[in-house]
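In: task: produce atomic coordinates for the following.
(chains A and B)
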Amino acid sequence: NAGVTQTPKFRILKIGQSMTLQCTQDMNHNYMYWYRQDPGMGLKLIYYSVGAGITDKGEVPNGYNVSRSTTEDFPLRLELAAPSQTSVYFCASSDRRGGGTSTDTQYFGPGTRLTVL
Amino acid sequence: QKEVEQDPGPLSVPEGAIVSLNCTYSNSAFQYFMWYRQYSRKGPELLMYTYSSGNKEDGRFTAQVDKSSKYISLFIRDSQPSDSATYLCAMLHYGGATNKLIFGTGTLLAVQP
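Out: Numbering: from 1, shown residues only, chains lettered A, B, ... in the order given. Got it, this is the predicted structure:
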């Protein structure tokens, strides 16, 4: 299993450009997440999805959009890039099925480093 | 007040030292407490988790939770240069569809050979 893969690894955008960060997982996990990590700020949740066709906002959703048409893929879209979106973006997935307690172990991808100039 | 507070460090120790990493939290609804390790330019990976107050040991690592004080710790015994990484605490309020982790800011640890 490759786990969670993200592309691209690095990207430089100009202000106002758009792009899609790709995320794919091969573990058949139902939950998927997008985080951004800024120096000294920890990980902030942007959007998450509990299954194909279902997405919801996290803590910092402004300026981003997501879709989840399949279990495996969860792309993150930046429509009008701004310098404030310079960050490292991590995709994660977890398997939460059935009832009972769960540690909800989240498996992270290697990240995409985005710079907006 | 942040829900989770973590000393950012950096923390530099000699090889073989005992390391103590700590987080405090304000939300008494948190039920699961986790430690993630993140190597430079990599994604975080789960190191340990605990559910209740008390200690949990895994090799050289011990996770400790004190719910009455809202304080968690990760101890690393006989620290190795390979332990050099950023350690993030994370906390989970389990319930419903919104199963979100709240992360601390991370502590950068350097173990000097």
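
In: taking chain B, what residue is nearest to chain A?
Out: B:Gly43 (3.3 Å; C-beta to the nearest C-beta). Every residue, glycine included, has its C-beta placed from N, CA and C.

In: so that residue sits in a helix?
Out: No. Checked against DSSP: H, G, I helix; E, B strand; the rest coil, B:Gly43 lies outside a helix; its state is coil.

In: what sits against the residue lying closest to it once chain neighbours are set aside?
Out: Leaving aside its sequence neighbours, B:Gly43 sits nearest to A:Phe108 (C-beta to C-beta, 6 or more residues apart in numbering or on different chains; 3.3 Å). For A:Phe108, the contact set (C-beta atoms under 8 Å, 6 or more residues apart in numbering or on different chains) comprises A:Val4, A:Phe90, A:Cys91, A:Ala92, B:Gly43, B:Pro44, B:Glu45.

In: in what helix or strand does the residue nearest the centre of chain A lie?
Out: By C-alpha atoms, centre = their mean, the mean C-alpha position of chain A lies nearest to A:Trp34, the distance being 2.4 Å. Using DSSP states H and E, A:Trp34 falls within strand A:31-38.

In: who are the packing partners of that strand?
Out: strand A:19-25, strand A:42-51, strand A:87-94 (3 or more C-beta pairs under 8 Å, 6 or more residues apart in numbering or on different chains; DSSP states H and E).

In: let me have these in JSON lines, adding mean pLDDT and mean neighbour count as columns.
Out: Below are the helices and strands packed on strand A:31-38 laid out as JSON lines (pLDDT from 0 to 100; neighbours: other C-beta atoms under 10 Å in any protein chain shown):
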{"stretch": "strand A:19-25", "mean pLDDT": "97", "mean neighbour count": "20"}
{"stretch": "strand A:42-51", "mean pLDDT": "92", "mean neighbour count": "21"}
{"stretch": "strand A:87-94", "mean pLDDT": "95", "mean neighbour count": "23"}
